[in-house]
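Chemist: everything below, folded, please.
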Amino acid sequence: MASLLLRQRRVSALGVSRILQDNGDSFRLRLESKFETFASIGVMIRKYSSGKSAAKFDFTDLTCPHTWYPNARKKNRKVFLHVGPTNSGKTYHALKRLESSPSGIYCGPLRLLAWEVSKRLNKAKVPCDLITGQEKEEVDGAKHKAVTVEMADVTADYDCAIIDEIQMLGCKTRGFSFTRALLGIAADELHLCGDAAAVALIQELLKVTGDDVQVESYERLSPLVPLEVPLGSFSNIRTGDCIVTFSRKEIYQLKKRIESRGKHLCSVVYGSLPPETRTRQATMFNDTSSEFDVLVASDAIGMGLNLNISRVIFSTLKKFDGSEMRDLTVPEIKQIAGRAGRYGSKFPMGEVTCLDADDLPLLHSSLKSPSPILEQAGLFPSFDLIFMYSRLQPKRGLYQILGAFYRECEII
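Modeler: Residues are numbered from 1 along each chain as shown. Okay, the predicted model is just below:
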């Protein structure tokens, strides 16, 4: 394990972020390291002693997260990075490998994606369990699992594993779950699907694991055309259109405005819909014999859902991210826009535009720009580390223990 090791107590300088509410109801700890110092991400819980005192373990040393997962380290994993734009077939190829493996796990960012994969495998006569934070469906004899990434089991052995949308390891709120899966899943083959912007960071993270990493690049299978004119009036809505907005209230307002003209009926898809409801809505939209020929959706459609969309129309290029109203990022715009013109659908070419002309410059520039290279990944201490640290402070409550851990932790 080469490169410079940097240890500091003032971890904020290294990109550590937290949310600590005054009322103590919640505490979120996320550790992120800059790419330059992430080169030696390796780490062990180090033993130290002082004079004649008994040896102690430093449970706040987070500089070697790959050592938290001994099962994965016992394997000589073959890691395949499937990278490319949306609608390029990268996830399809990984799923075919999963389907043909004796055992495996699919880890996705959405419940609906895990649900779709479990249904696909079971339909192909490959028994597959479904495990998310809200449901658990077990199938007799299943040696495959489709899970949301937070539910990934890092104690089991697999022949094949997939982590979908791997670029989300840089997400401020969920990135640590993708990092955990990346470092911790014990599989002979690990297939990572996502944006090419994550390649350099993943290669750096895996330098210390001894894994064999291969990069396979894909090109989009059908053309995507950014239009020069906005939608303008809702009278210009046509069959196969998908209007994208970023709040449930706005979704139903747009649905009402479109349907009030009497020409179209709208299906709706957004993140908090139950999986079965979202599936019914998507099925109605995809069915050419259905009267529901227009889709109104949130950015949930950007995460790999199979929808027969002819044209994506952004109602706005701003969204509230939980803390502030901001412009969509280049990856977000490309991810959502890329859902138009799915390969194999009745629309051989995808189109994308905006509701308002003022948003067109940002749309066009984003589609022409490469996604920014990821420079940091989320990191969260394992339960074992927090538990052992708490044993040293029996008189403190959980809130105080986490606060002390945050102040004392060390990363590179």
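Chemist: rest of the way, CA atoms for contacts and neighbours
Modeler: OK.
Chemist: got the end-to-end distance for stretch 312-331?
Modeler: 15 Å (Cα to Cα, to the nearest Å).
Chemist: quick check: mean pLDDT across that stretch?
Modeler: For stretch 312-331, mean pLDDT rounds to 92.
Chemist: so what touches that stretch?
Modeler: By Cα atoms under 8 Å, 6 or more residues apart in numbering, the surrounding residues in contact with stretch 312-331 are 231, 241-246, 336-337, 339-340, 350-356, 359, 363, 366-367, 369-372.
Chemist: need the buried ones from those residues selected in PyMOL.
Modeler: Written as a PyMOL command, the selection of buried residues from the contacts of stretch 312-331, which uses 16 or more other Cα atoms under 10 Å, is:
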select buried, resi 231+241+242+243+244+245+246+336+337+339+340+350+351+352+353+354+355+356+359+363+366+367+371
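Chemist: which stretches of the stretch 51-200 of the chain form helices?
Modeler: For the stretch 51-200 of the chain, applying DSSP state H, counting those that start in this stretch gives helices covering 70-73, 90-99, 111-123, 175-184, 199-205.
Chemist: could I have the shortest one exported to CSV, CA atoms only?
Modeler: Spelled out, that is helix 70-73. Extracted in CSV, the C-alpha atoms of helix 70-73 (Å, rounded to 0.1, in the frame of the first residue of the first chain):
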residue,chain,number,x,y,z
PRO,A,70,-12.5,-9.8,5.8
ASN,A,71,-14.7,-12.0,3.7
ALA,A,72,-14.1,-9.8,0.6
ARG,A,73,-10.4,-9.6,1.3
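Chemist: list the buried residues of that helix.
Modeler: Residues 71-73 are the ones in helix 70-73 that count as buried (16+ other Cα under 10 Å).
Chemist: same deal with stretch 339-350?
Modeler: Buried-residue list, stretch 339-350, by 16+ other Cα under 10 Å: 339-343, 347, 349-350.
Chemist: and for stretch 227-241?
Modeler: 230-231, 237, 239-241.
Chemist: between the buried residues of stretch 339-350, which is closest to residue 226?
Modeler: residue 350 (8.5 Å; Cα to Cα).
Chemist: in space, what's closest to that closest one - neighbours in sequence excluded?
Modeler: residue 341 (3.6 Å; Cα to Cα, 6 or more residues apart in numbering).
Chemist: report the contact partners of that neighbour.
Modeler: 222-224, 308-311, 347-351.
Chemist: taking the mean pLDDT, what do you get for the host helix or strand of residue 281?
Modeler: For residue 281, the host element (DSSP states H and E) is helix 275-286. In this model, helix 275-286 has a mean pLDDT of 86.
Chemist: which helices and strands does it pack with?
Modeler: On a contact count with 3 or more Cα pairs under 8 Å, 6 or more residues apart in numbering; DSSP states H and E, helix 275-286 meets helix 111-123, strand 265-269, strand 292-297.
Chemist: pick the most buried one from the ones you listed.
Modeler: Sort those by mean neighbour count, taking mean count of other Cα atoms under 10 Å, and strand 292-297 sits at the top with a mean of 25.
Chemist: per-domain residue ranges of this protein.
Modeler: Domain ranges of the chain: 11-62+381-408, 70-217, 224-368, per automatic domain parsing.
Chemist: hey, which of those domains is tucked in deepest?
Modeler: Of those, domain 70-217 is the most buried (mean count of other Cα under 10 Å), at a mean of 20.
Chemist: please state the offset of that one from the chain centre?
Modeler: How far domain 70-217 lies from its chain's middle: 11 Å, per Cα atoms, centre = their mean, to the nearest Å.
Chemist: check stretch 337-350 too.
Modeler: That offset, for stretch 337-350, works out to 22 Å (Cα atoms, centre = their mean).
Chemist: hmm, residue 135 and residue 151 touching each other?
Modeler: No - counting by Cα atoms under 8 Å, no contact exists between residue 151 and residue 135, whose distance comes to 10.9 Å.
Chemist: so where is the stretch 1-150 of the chain shaky, pLDDT-wise?
Modeler: Residue ranges of the stretch 1-150 of the chain with pLDDT under 70: 1-57.
Chemist: and if we set it to 90?
Modeler: Low-confidence regions of the stretch 1-150 of the chain, defined by pLDDT under 90, span residues 1-64, 86-87, 110-113, 115-116, 133-135.
Chemist: returning to what we had before: other residues contacting the helix holding residue 281?
Modeler: Counting by Cα under 8 Å, 6+ apart, 111-112, 115, 266-270, 290-295, 307-308 sit against helix 275-286.
Chemist: which one of those residues sits closest to residue 404?
Modeler: Among the contacts of helix 275-286, and counting by Cα to Cα, the member closest to residue 404 is residue 111, at 34.1 Å.
Chemist: the stretch 201-350 of the chain: strands as residue ranges?
Modeler: In the stretch 201-350 of the chain, the strands defined using DSSP state E, counting those that start in this stretch lie at 212-217, 224-226, 241-244, 265-269, 292-297, 311-314, 318-320, 325-327, 350-354.
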